[in-house]
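J.: Next one to model:
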Amino acid sequence: MKALVTGAAGFLGGHLVEMLVERGDEVRAFIQPGQDRTLLQSLPGVEVIEGDLTDAASLKKAVQGIQRVYHIAAKTGPWGPEEIYQATNVQGVLDLIAAAQEAGVERIVHTSSITVYGHHLRGLVAEDYPYHAENNPYSRTKISSENLIFKLVKEKGAPVVVIRPGWIYGPRDTASFARFVSLVQSGKGFLLGSGKNIVPIVYVRDVAQGLIKAGDAGNEAVGRAYTIANDQRVTQAEYLNSIADALQVPHISRSYPFTAIFLAGQVAEAVWRLKDSRQQGAPPPVTTYGVTLLGRDQRFSIDRARQELGYAPEFDLKRGVALGVEWYLKERR
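T.: You can find the predicted model right below:
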């Protein structure tokens, strides 16, 4: 099997490439010019090519001779110019699917996000939960791309399966996990509210497993969306204190009211938009996106993925955090 992985130089992309190589697939790794290719070049049989989702010609070249496309690349985060998110997360996806269909690709696995459900959730959320766009371009464009994908499946027979990962963590996660480890290690960690809310964390190799199973699934999976998370119900306090345990430092004792921090995020975003109407600079120090992700109760059902894909999380909280902290400490030696 020859697979294309977009976003291969990223956190999830790198782990997915490793797992595809482990099972004997040939992998073409699609990265942006200038991205670090050290890990990818160390893996046997990986072909590294450069391109961009906003460059249709590079996408057409990337899909030649490919049987499966695992699309991970995206403009992420809650802050930035809307047109960049649209070009990458919407038009780029459409161009990739068109190029893949023209090249005869058998299966496209598109990586979406639990952000399509919104972040102010009640009860156990399954895939039929309605879309809710949060006030950021990442959320809006992820919903737009999903709507267009399902339309292409229906009207053009696009062989796409959609995966909606939870909050991914693990080794090489410099954007989120490493920051939490640093805070806990330095004694600056804190809880939002009581810390009893459920956080939707999922270990990176479990997400990669879900992507691979979506690629392997029969045609009945085409046009379906699957939430990939861990149904071990982990609270915010358990997550952060498991990091403390792995570091062998005291548990977190400081907490701040959720409502106050959420309002601070709203104020910060409003001020930043006044200063930077096109959102081209650095994001605010606190955002409502980050506050709700950590401090709100978010419970997801993975029954559909279990039953239809055969997905089963393999990494519980203790094991996953231990591996992540081990990587963090090695990187800082």
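
J.: Hmm, Arg205 is touching Val17, no?
T.: No: in terms of CB atoms under 8 Å, Arg205 does not count as a neighbour of Val17; the distance is 11.9 Å. (Glycine included, C-beta is placed from N, CA and C.)

J.: Could you find the closest non-adjacent residue to Lys154?
T.: Gly223 (7.1 Å; CB to CB, 6 or more residues apart in numbering).

J.: Same question for Ala217.
T.: Leu309 is the one closest to Ala217 (CB to CB, 6+ apart), at 5.4 Å.

J.: Check Gly157 too.
T.: Nearest residue to Gly157 in three dimensions, chain neighbours excluded: Gln101, at 7.9 Å (CB to CB, 6+ apart).

J.: What's the local residue count around that neighbour?
T.: 17 (other CB atoms under 10 Å).

J.: From the rest of the structure, what touches the helix or strand it falls within?
T.: Per DSSP states H and E: Gln101 is located in helix 92-102. Identification of contacts with helix 92-102 by CB atoms under 8 Å, 6 or more residues apart in numbering yields 6, 53-54, 56, 59-60, 62-63, 66, 69, 71, 73, 108, 110, 145, 148-149, 152, 156-160.

J.: Touching stretch 36-46 from outside, list them.
T.: 8-9, 14, 17-18, 21, 26-29, 31, 48.

J.: So which of these sit within strands?
T.: Judged by DSSP state E, strands contain the following of those: 26-29, 31, 48.

J.: Now flag whichever of those residues is closest to Gln280.
T.: Of all those, Ile31 has the smallest distance to Gln280: 23.7 Å, by CB to CB.

J.: and that closest one, what is it in contact with?
T.: Ile31 makes contacts with 7-9, 37, 40, 48-51, as judged by CB under 8 Å, 6+ apart.

J.: Are any of these buried, and if so which?
T.: 7-9, 37, 40, 48, 50-51 (16 or more other CB atoms under 10 Å).

J.: quick one: contacts for Pro284?
T.: By CB under 8 Å, 6+ apart, the contact list for Pro284 reads 79, 265, 268-269, 271-272.
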